[in-house]
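In: Got a predicted model here, sequence first, then my questions.
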Amino acid sequence: MDIATWIGLGTGLGTLVTAIIGLRFVGRQLREQQRTLRAELGNLYIERYWQIDDDLLLERKGSKRHRQHRHRYLRLFEDEFDVAKLGFLDPEQWRAWHGVLSDEGARELIRDDLRVCDPKGDSFRRLRACITQRERDGADHDVRHCEGNYAE
Ligand SMILES: [Zn+2]
């Protein structure tokens with residue numbers, strides 16, 4: 001091999017190393033952006049949850065406004081299923097929120113909300129699939145195997 005070939009190989013190797021370092025840097029930036037997006041969405045959902053919870057406390061149970069807030073809560077939960085499926089929620093946070101439904105009392109409240117707010121049963125498909133799975137297989141299941149992930 002002559003000197004020109006060696007220089008060419010050295011240049012090519014240098015370019016490859018630079019490209020690898022650049023890709024690692026871009027990969028790190030993308031992971032950081034994803035972490036930031038997940039944190040922002042998580043905070044948004046937490047804020048919305050407390051807003052709905054506060055609104056529920058201010059309305060008389062059984063009133064039209066109370067029912068509307070219950071519907072908002074169901075919509076929030078269904079949205080969380082959608083966003084989690086897309087990978088836009090922190091997995092640990094979603095695991096904790098999804099785990100709320102392991103509690104029979106929480107499931108009973110959700111079932112009641114569904115009966116009142118969606119009597120036809122044609123909305124909130126992910127939430128319904130999760131609850132149906134829990135009733136069939138036991139109260140708890142791993143969020144990664146939740147049938148709500150596959151409902152459309
Ligand atoms: Zn589930």
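Out: Ah, there it is.
In: what's the burial count for K120?
Out: 5 (other C-beta atoms under 10 Å). C-betas here are computed from N, CA, C, even on glycine.
In: Which secondary structure state does it sit in?
Out: What DSSP: H, G, I helix; E, B strand; the rest coil gives for K120 is coil.
In: Quick one: mean pLDDT over the longest helix along the chain.
Out: The helix that spans the most residues within the chain, counting by DSSP state H, is helix 3-58. For helix 3-58, mean pLDDT rounds to 90.
In: in whichever helix or strand comes after it, what's buried?
Out: Using DSSP states H and E, the next helix or strand after helix 3-58 towards the C-terminus is helix 64-85. Applying a neighbour-count criterion of 16 or more other C-beta atoms under 10 Å, one finds 66, 69-75, 77-78, 80-81, 83-85 buried in helix 64-85.
In: Kindly report the same for stretch 131-150.
Out: Here stretch 131-150 shows 131, 133-134, 141, 143, 146-148 as buried, counting by 16+ other C-beta under 10 Å.
In: The ion contacts on the chain?
Out: 130, 146, 148 (C-beta under 5 Å from the ion).
In: rewinding a little: the ion: which of the buried residues of helix 64-85 is nearest?
Out: F81 (8.3 Å; C-beta to the ion).
In: Make sure the closest one is actually in contact with R126.
Out: Yes: the criterion here is C-beta atoms under 8 Å, and F81 meets it with R126 at 3.7 Å.
In: Give me the common contacts of those two.
Out: 148-149 (C-beta atoms under 8 Å, 6 or more residues apart in numbering).
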